[in-house]
Every structure is written in structure tokens, then in C-alpha cells.
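Participant: Here's my sequence, what's the structure:
(2 chains)
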Number of protein chains: 2
Amino acid sequence: MTTTQLIEQIRKKQSFLCIGLDPDLDKIPTHLHQYEDPIFEFNKAIIDATHHLCVAYKPNTAFYECYGIKGWKSLEKTIQYLNNKYPEIFTIADAKRGDIGNTSTRYAKAFFEQLNFDSITVAPYMGKDSVEPFLSFKNKHTILLALTSNEGALDFQTQNTTDTTLYKMVLEKSKTWKNATQLMYVVGATKAEYFKEIRNIVPDNFLLVPGVGAQGGSVEEVCKYGLNKNIGLLINSSRGIIYASNQSNFAVQAQIEAQKLQQEMQLELTKHSII
Amino acid sequence: MTTTQLIEQIRKKQSFLCIGLDPDLDKIPTHLHQYEDPIFEFNKAIIDATHHLCVAYKPNTAFYECYGIKGWKSLEKTIQYLNNKYPEIFTIADAKRGDIGNTSTRYAKAFFEQLNFDSITVAPYMGKDSVEPFLSFKNKHTILLALTSNEGALDFQTQNTTDTTLYKMVLEKSKTWKNATQLMYVVGATKAEYFKEIRNIVPDNFLLVPGVGAQGGSVEEVCKYGLNKNIGLLINSSRGIIYASNQSNFAVQAQIEAQKLQQEMQLELTKHSII
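Facilitator: Got it, this is the predicted structure:
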């Protein structure tokens, strides 16, 4: 998917909501356990109930890998379902991969070709030649970890380097990499005060913002500095939506929570004169 | 596996060789394509021919994920084969994972429980609470990326922070994390000049050293400062061993290459009065 198509979808739906598909067999409604693939059935119901309110889905691979091959089958079925039934949706493999060049190419093939995701999250620690292989795939997007929403972000990401802090160095350097226009960045919503400085460095790139809802961030605060003329934001919520209820009406409850966020986003788009 | 068991195995085999199982369908001998699972057949032959010369195998997950579910099946069969037939061997999932706490626990379960690897490589960018979940598994080991062997290591890892460089900060901080004795570190062999400084910070931990052979590092140079009283080194070679030949005699050729490295290691262990 091109960035232009993503922006068109956001304008049409008046939403820049991304829903995290992080299924947990201990948390999904018990009646789903009668199916052969409860995780896929859960995802399918969530997707069918929320696809008109969001523009992206983000399965985190850890929630599938922990169930072994069965989990990978659920992931494969989920992305196939999304690509077949809702091809306008932007898909994110939240995989946080990254390795030496040759090996990163294989991860890129796994997620961009085998599974046909539109994008993947990538860790920057190994530098340029570990990220550029992902960027060489046309109309695919690489979402680089910049500033994450967990406490451990303070361990290294916000540490001072000679001229700047590490996460700003990641932003600055990555801008110079080949096909850098296909880069997006993960920026944790619990660090809203950082958005202004981040927009000074990367005014145009999309930012994927986890941490709204259960992790405590606010849509309004993120939008204050995060929005740009092409929206430039994808705000993610996982648990707050998918586990709104563990009863048989879970999909309806998920829809209600997704709609609340969509309405907040619509308000922000209006307030910032974007729609 | 405990660290003591690993050390005993090294002393017995007079080898601290780790073999990277990075199979590539385009590189393995053509006669293997007749099998239902050529990758597993390839790994099995390499393992049977080299297990007495090495102490660890390290499949890199990218080389399996790129083949989708079929690839994950090959990975599962490979680790099961290792655990059943050669339980004394130390196994490393070279997966370079890392995520917020709750999610890292799922990756740990995927590799330590589902697949029953002894250890996993983890990226440090997200900090303490992204790594500690791996460290809470008993007799399992977390191998943290410190200084990698690729050019991109210079982008962030060797950058100066206020008091030190980033990779040294990763070493220093991680020493204070809970169950830090279960930490090992990835240190690229092409950076042998750094080993002295690294040993000042982490004198006791095992270092996993990729980059010997195809990537240009030397066993002797690594041992000069890298060896400690409990050996403390696992030196990896992948391509140099597994692709020594692409003919029907590939396993014998792999054995010959593995033996060369084992003999170099034996010499170093003698030279340093460890055996």
C-alpha cells in the first residue's frame, strides 16, 4: 500500500486508529474455544466489528509465536483474511526484527512476501545495514522503534549522546538512509511531551503511537504536536478495544470502544482543520 | 542447561564452537530437494557430522520464517532432534527479539517452553523491562546484543554517550538487572580490539562471538582477551561450515571445517592453560 492510499483511507474514515490484535487464549471469550482455531475466530469477529472505524491492524508476533506452529497458522489466516476481505486496511507486523543485512532481507521476505503485510516494526540497535534491506521493498513500510512507551525506554533511548539523545540520533541518522521516505517511527504516547521535538526532526513521516488507553496516553495530547498536514499519525489501542468484554457480546463492545476513539480522532482532525 | 554443564561440555570436547544453522534452499545440495523437508534433512546431516566438534547450535529464525509455516516446522523439527538426540548440546535461538515486558514474556515462552531452546538472543534498545522477562526463566540464558559484527554497529553502538559508549552502557546497565548471571552477550569478532575493554566490564559472562570465518574474525585474536577462567566464549561459524560444499559430501566437508576450528580452539585452551 502507498502512503497516499493510507492517507486517503484516513480522510474517508475520519480515523487514524490502529487496532492491536494481541490475542490471549486466557482472555478471549470461553465460547470461542469450541472452534478449531479460537484465535483466528476471535480476530475475525473483532475485525468484522471494527474495520470501518480503524485504518490499520497490528498483530504482535509474540502473541502468535508463543503458541508455536498453531499460532503461526492463526497469524497467517488473520493476515489472509484482512488482505482478502479488507484490502484497503493497512497491516502492521509488530515483530521488532532486525539483523545483519543478508538476514534482515529474509525477515523482510517473511513479512512482506510470505505473509504480505504492508509494514513491519524494526529495532534500530544494529544500524543502517540492518534496516535498509527492509526499505528496499516497494510500497512496503518500515516502522523503526524510536521512543517506546515502556519504562525501559529511559535506560538507553533517552540517554544523552555527545550532541543529542539516542532516540533523536536514531531519527536523524535514519533520515539519511536509502528509501527513508518509506520509514515510519514508533513513538510512545506516554511521552507526549516529546512529540514537538520529534516533529522538528521528522515533520513528514508517519508516527505509530502505541500506549493510548491501557498504557495511559491521550489522543488529544498526541495530536497537539503529532498531527501534520497529511495526518502523519496512527494511534494504536490493543487491550482497551479487544478485551472490552470477555462475554459473547465482545465484538460489539470492541466496536463501541473503537468508535469512542474514532470520534476523538474525528474531533482532532476537525480542530486542526485537516478535514 | 546450567552454565556449569556448558563449561563441562567445553572442557570435554576441547571446543567452544557454535555452529550457525542458517539453511538456504538455494544453497543446500540439490539432492536434498527430493525430501519432504529438505531444510531439516540438511540440518540433521550437518548436526550428525559435527556434534562432537562443537558445543552449541544456533539457528537464526529469519532463515526459517522466510519459508512461512513450512519453515517453522523445520525449525521445530531441528530443535526437537537436537534435544532428543544430543541433549548435552547448548541451543541458541538467534531471534533478536525484545518488546515491552508482558510481550517479551510471550517471546520467552515461545522459545524457552514451546521450542525448548536453552537460550535466545535479545536486542537491548527497549531497556530493562524488555529483557528481564527472559531472565526469569530458570536455567535458560539471555544473550544480549552488545557489539555486533556489521558495519551498522558504528551507527549507534559505538557512539559516545555522556560518560561512555552506548554498547558499554548496555553492558554496565544490564549487569544490574535481576538474574543478570544468566546474561551472555553478543560481541562481534571483527571488533577484536574491543574485547579487552569488554572483559573489564563483564569478566565472567559468556560472550557469543559471530563473525569468525566468512565475516573475517580470527579465533586467536578473540581468545587473546576474550577467554576467562571458565572459558567464557562461544565462537560461531555458519556459512564457513555449513556451505563448505554443496555436493553430496557436504556433511563430510562441514565436519572438516568444524574440526579445523575445534583444533584452533584446543590450541588456544592449551596456550591459555585452561585445559
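
Participant: low-scoring pLDDT stretches of the stretch 51-200 of chain A, where are they?
Facilitator: Scanning the stretch 51-200 of chain A for pLDDT under 70 picks out nothing.

Participant: where along it do the helices fall?
Facilitator: Ranges of helices in the stretch 51-200 of chain A, per DSSP state H, counting those that start in this stretch, are A:62-65, A:68-85, A:101-108, A:128-135, A:166-174, A:195-201.

Participant: distance between the last one and the chain's centre?
Facilitator: Between the centre of helix A:195-201 and the centre of its chain there are 19 Å (CA atoms, centre = their mean, to the nearest Å).

Participant: I'd like the next helix or strand past that helix.
Facilitator: Under the assignment DSSP states H and E, the closest C-terminal helix or strand after helix A:195-201 is strand A:207-209.

Participant: Note down every partner strand of that following strand and its orientation.
Facilitator: Take DSSP bridges as the rule and strand A:207-209 pairs in its sheet with strand A:183-187 (parallel), strand A:233-237 (parallel).

Participant: from the middle of its chain, how far away would that strand be?
Facilitator: In terms of CA atoms, centre = their mean, the centre of strand A:207-209 is set 7 Å apart from its chain centre.

Participant: That one: what's the following helix or strand?
Facilitator: Following strand A:207-209 in sequence order, the next helix or strand is helix A:219-226 (DSSP H and E).

Participant: In that following helix, which residues are buried?
Facilitator: By neighbour count with 16 or more other CB atoms under 10 Å in any protein chain shown, helix A:219-226 contains the buried residues A:Val219, A:Glu221, A:Val222, A:Cys223, A:Lys224, A:Tyr225, A:Gly226. For every residue, glycine as well, the C-beta is placed using N, CA and C.

Participant: For those residues, which two are the farthest from each other?
Facilitator: Distance extremes for these: the farthest pair is A:Val219 and A:Tyr225 at 12.8 Å, using CB to CB.

Participant: so which of the strands paired with strand A:207-209 is the most packed in?
Facilitator: Among the strands paired with strand A:207-209, strand A:233-237 has the highest mean neighbour count (mean count of other CB atoms under 10 Å in any protein chain shown), at a mean of 27.

Participant: OK, contacts around A:Asp37?
Facilitator: The contact partners of A:Asp37, taken as CB atoms under 8 Å, 6 or more residues apart in numbering or on different chains, are A:Lys70, A:Lys73, A:Ser74, A:Lys77.

Participant: if we go to 6 Å?
Facilitator: By CB atoms under 6 Å, 6 or more residues apart in numbering or on different chains, the residues touching A:Asp37 are A:Ser74.

Participant: swap in A:His141?
Facilitator: The contact partners of A:His141, by CB under 6 Å, 6+ apart, come to A:Ser119, A:Gln182, A:Met184.

Participant: The residue nearest to it when sequence neighbours are not counted: neighbour count?
Facilitator: The shortest distance from A:His141 to any non-neighbouring residue, by CB to CB, 6 or more residues apart in numbering or on different chains, is to A:Ser119 (3.8 Å). The number of residues packed near A:Ser119 is 27, by other CB atoms under 10 Å in any protein chain shown.

Participant: what's the answer for the one 4 residues further on, then?
Facilitator: Here the count is done by other CB under 10 Å, and A:Ala123 has 27 residues near it.

Participant: next one: A:Lys109
Facilitator: For A:Lys109, using other CB under 10 Å, the count is 18.

Participant: What of A:Asn230?
Facilitator: When counting by other CB under 10 Å, one arrives at 16 neighbours for A:Asn230.

Participant: element containing the residue nearest to it when sequence neighbours are not counted, please.
Facilitator: Spatial nearest neighbour of A:Asn230, chain neighbours left out: A:Ile7 (5.2 Å); criterion: CB to CB, 6+ apart. Using DSSP H and E, the element containing A:Ile7 is helix A:3-13.
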